[in-house]
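Trainee: The amino acid sequence is not available; the structure is as follows:
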């Protein structure tokens with residue numbers, strides 16, 4: 001078997017999952033280039049340097065992936081009982097059409113607001129794609145190696161964006177107005193990616209859809225039957241599943257801490273330090289992306305071995321360290337040290353270490369974010385759990401980036417101290433949940449006998 005096949009883990013792939021796995025890899029080669037061109041970090045650099053956006057507009061654009069997740073509950077409800085691949089393709093094509101229209105945004109301050117709205121709309125469609133993909137993975141890949149499969153798929157996706165981001169960064173440094181050609185070309189790549197997904201099949205989907213429709217028809221005939229809205233379904237899940245509720249609380253602290261720091265890094269690097277498109281992209285996007293991909297398989301093995309709760313405890317250490325190094329670097333930017341060679345190198349080193357730790361955190365987050373809820377969800381309710389999880393991420397996106405920017409304007413680098421405190425709180429919540437789950441496990445018979 002070829003080296004590429006070995007790197008992609010095909011020899012260890014169950015035969016029943018291999019065809020879909022290969023199809024998804026082909027799709028993600030193009031999808032990674034498409035999505036990589038308008039993820040939050042890259043888009044925030046473009047709005048800062050091409051459109052001259054303010055700190056608040058930079059914050060808004062950085063927050064668009066999280067804001068779009070407010071639709072998570074809606075997408076989860078829409079996907080329940082429907083064919084996932086067909087909906088994923090439709091949502092992907094809609095996102096590609098929106099990205100093509102970026103060429104129409106004028107290169108002015110007003111154009112920056114138009115660009116921000118276009119990115120937000122495209123991210124809204126992508127939120128549905130994420131929810132659909134998670135459900136597809138649950139059906140097509142076995143639980144025991146699902147984390148490792150997801151890691152390899154994510155590595156393919158994220159690696160494809162590196163060359164594109166570097167190339168586009170250099171082009172933007174030479175001609176910022178080239179965005180009128182670059183974004184339509186990006187949309188074309190997205191369309192190709194969607195078409196490549198068409199042959200994929202979802203194992204057991206027909207049986208599940210038939211079961212859901214039968215259950216819905218039966219429920220509709222019951223006296224006083226009513227259909228719950230996506231929000232009501234999410235509230236019911238959080239009310240009835242204490243472990244998932246506990247997990248979501250931990251994620252609220254940890255995620256809030258991480259998200260509030262994201263726009264601050266773009267503001268500091270692009271506006272306070274004045275780095276170029278290329279240098280900003282390398283520091284803010286490429287460096288963490290490389291560390292993320294390098295760490296994904298080790299994280300995936302830990303995820304498959306220990307489960308999502310213990311996994312999140314370890315993952316939180318990386319996020320916390322990232323905020324700590326970022327705060328140290330940010331503290332020196334407004335001082336005289338920034339104007340000296342030694343001081344500048346110190347600041348760059350701290351920010352680079354922060355971005356490296358961010359990449360390590362993202363390597364684990366890319367696994368747990370897509371699969372973590374499946375440790376709590378029953379098969380027929382996976383879409384609702386994912387929708388709830390994505391919606392709560394959207395709530396963080398609605399508040400955390402703007403809180404972070406507001407706090408940075410008020411207290412400067414001390415905003416990072418707040419982020420570290422919130423991240424540590426999240427880690428402690430996960431430790432508490434891990435103890436609850438451990439205490440709940442039944443004592444083996446031989447252990448019980450020895451105690452007696």
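Mentor: On my side now, so go ahead. Being a predicted model, the structure only gives us computed values, none of them experimental.

Trainee: Would you confirm that residue 249 contacts residue 429?
Mentor: Yes. Under the criterion of C-beta atoms under 8 Å, residue 249 makes contact with residue 429 at 5.6 Å. All C-beta atoms are positioned from the backbone trio N, CA, C, and that covers glycine.

Trainee: Enumerate every residue touching residue 303.
Mentor: By C-beta atoms under 8 Å, 6 or more residues apart in numbering, the contact set of residue 303 is 147, 311, 364, 367-368, 371.

Trainee: likewise residue 252?
Mentor: Contact analysis of residue 252 by C-beta under 8 Å, 6+ apart lists 392, 395-396, 426.

Trainee: picking that back up, pull the most distant pair out of the contacts of residue 303.
Mentor: Checked with C-beta to C-beta, the contacts of residue 303 reach their widest spread between 364 and 371, with 11.1 Å between them.

Trainee: Just the buried positions in stretch 128-148, please.
Mentor: Neighbour-count burial for stretch 128-148, with 16 or more other C-beta atoms under 10 Å as criterion, is recorded at 128-141, 145-148.

Trainee: Verify the contact between residue 361 and residue 323 for me.
Mentor: No. When contacts are counted by C-beta under 8 Å, residue 361 is not listed as touching residue 323 (9.7 Å).

Trainee: Need the residues touching each of those two.
Mentor: residue 258.

Trainee: thinking again about what came up before, from the contacts of residue 252, which land in helices?
Mentor: The helices, defined by DSSP state H, take in 392, 395-396, 426 from the contacts of residue 252.

Trainee: For those, which two are the farthest from each other?
Mentor: 395 and 426 (14.8 Å).

Trainee: Mind checking which of those two has more residues around it?
Mentor: Looking at residue 395 and residue 426 with other C-beta atoms under 10 Å, you find the greater number of neighbours at residue 426, namely 25 against 17.

Trainee: who's in contact with the more buried one?
Mentor: Residues near residue 426 by C-beta under 8 Å, 6+ apart: 250-255, 257, 316.

Trainee: between the residues you listed, which is nearest residue 124?
Mentor: Once C-beta to C-beta is applied, the member of the contacts of residue 426 that ends up nearest residue 124 is residue 255, at 18.9 Å.

Trainee: Helix, strand or coil: sort out the closest one for me.
Mentor: Three-state assignment for residue 255 (DSSP: H, G, I helix; E, B strand; the rest coil): helix.

Trainee: Verify the contact between it and residue 394 for me.
Mentor: No. With contact defined as C-beta under 8 Å, residue 255 does not reach residue 394; the gap is 10.6 Å.

Trainee: which one among the ones in helices among the contacts of residue 252 gets closest to residue 410?
Mentor: Looking across the ones in helices among the contacts of residue 252 and measuring by C-beta to C-beta, the closest to residue 410 is residue 396, at 20.2 Å.

Trainee: and the closest one, how many neighbours?
Mentor: Other residues near residue 396 come to 24 when the count uses other C-beta under 10 Å.

Trainee: cool, and the one 5 residues further on?
Mentor: By the other C-beta under 10 Å criterion, the neighbourhood of residue 401 contains 29 residues.

Trainee: which residues touch the nearest residue to it once chain neighbours are set aside?
Mentor: Using C-beta to C-beta, 6 or more residues apart in numbering and skipping the chain neighbours, the partner closest in space to residue 401 is residue 63 (4.0 Å). Residue 63 makes contacts with 40, 259, 262-263, 397-398, 400-402, as judged by C-beta under 8 Å, 6+ apart.

Trainee: Let me have those in CSV, extended by secondary structure, distance to residue 115 and pLDDT.
Mentor: Compiled in CSV, those are given as follows (DSSP: H, G, I helix; E, B strand; the rest coil; distance: C-beta to C-beta, whole Å; pLDDT from 0 to 100):
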residue, secondary structure, distance to residue 115, pLDDT
40, helix, 13, 72
259, helix, 21, 91
262, helix, 18, 91
263, helix, 16, 92
397, helix, 18, 83
398, helix, 20, 86
400, helix, 22, 93
401, helix, 17, 93
402, helix, 18, 94
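
Trainee: Scan these and report the most crowded one.
Mentor: residue 401 (29 neighbours).

Trainee: low-scoring pLDDT stretches of the stretch 1-150 of the chain, where are they?
Mentor: Scanning the stretch 1-150 of the chain for pLDDT under 70 picks out 1-11, 72-73, 76.

Trainee: before we move on, what about the stretch 201-350 of the chain?
Mentor: Under the criterion pLDDT under 70, the flagged ranges of the stretch 201-350 of the chain are 204-206, 208-230, 336.

Trainee: how much space is there between the nearest residue to residue 344 once chain neighbours are set aside and residue 97?
Mentor: Closest residue to residue 344 apart from its sequence neighbours, by C-beta to C-beta, 6+ apart: residue 338 at 6.2 Å. Separation of residue 338 from residue 97 (C-beta to C-beta, to the nearest Å): 43 Å.

Trainee: same deal with residue 273?
Mentor: Taking C-beta to C-beta, one finds residue 273 at 36 Å from residue 97.

Trainee: Looking at the two, which is more packed in?
Mentor: A count of neighbours by other C-beta under 10 Å puts residue 273 above the other of residue 273 and residue 97, at 18 against 15.

Trainee: Columns pLDDT and distance to residue 177 on top of the ones in helices among the contacts of residue 252, output as CSV?
Mentor: Formatted as CSV, those follow (pLDDT from 0 to 100; distance: C-beta to C-beta, whole Å):
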residue, pLDDT, distance to residue 177
392, 86, 39
395, 86, 37
396, 89, 35
426, 94, 43
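
Trainee: so which of those residues comes closest to residue 57?
Mentor: Checking the ones in helices among the contacts of residue 252 against residue 57 with C-beta to C-beta, the nearest one is residue 396 at 19.5 Å.

Trainee: Pretty sure that closest one sits against residue 66.
Mentor: Yes. With contact defined as C-beta under 8 Å, residue 396 counts as touching residue 66 (6.0 Å).

Trainee: Spit out the residues that contact those two alike.
Mentor: In contact with both residue 396 and residue 66: residue 259, using C-beta under 8 Å, 6+ apart.

Trainee: which residues of the stretch 201-350 of the chain fall in helices?
Mentor: Per DSSP state H, counting those that start in this stretch, the stretch 201-350 of the chain carries helices over the ranges 205-220, 230-240, 242-266, 277-281, 287-306, 308-332, 341-371.

Trainee: among those helices, which is nearest residue 118?
Mentor: Taking C-beta to C-beta, helix 242-266 is the member of the helices of the stretch 201-350 of the chain nearest to residue 118, at 18.2 Å.

Trainee: how about that closest one: buried residues?
Mentor: By neighbour count on 16+ other C-beta under 10 Å, the buried set for helix 242-266 is 244, 246-266.

Trainee: Then stretch 100-119?
Mentor: Buried positions in stretch 100-119, judged by neighbour count with 16+ other C-beta under 10 Å: 100-102, 105, 111-116, 118-119.

Trainee: Redo these as a markdown table? Include distance to residue 382 and secondary structure.
Mentor: Shown next, in a markdown table, are these (distance: C-beta to C-beta, whole Å; DSSP: H, G, I helix; E, B strand; the rest coil):
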| residue | distance to residue 382 | secondary structure |
| --- | --- | --- |
| 100 | 32 | helix |
| 101 | 33 | helix |
| 102 | 33 | helix |
| 105 | 37 | coil |
| 111 | 40 | helix |
| 112 | 38 | helix |
| 113 | 37 | helix |
| 114 | 37 | helix |
| 115 | 35 | helix |
| 116 | 32 | helix |
| 118 | 31 | helix |
| 119 | 28 | helix |
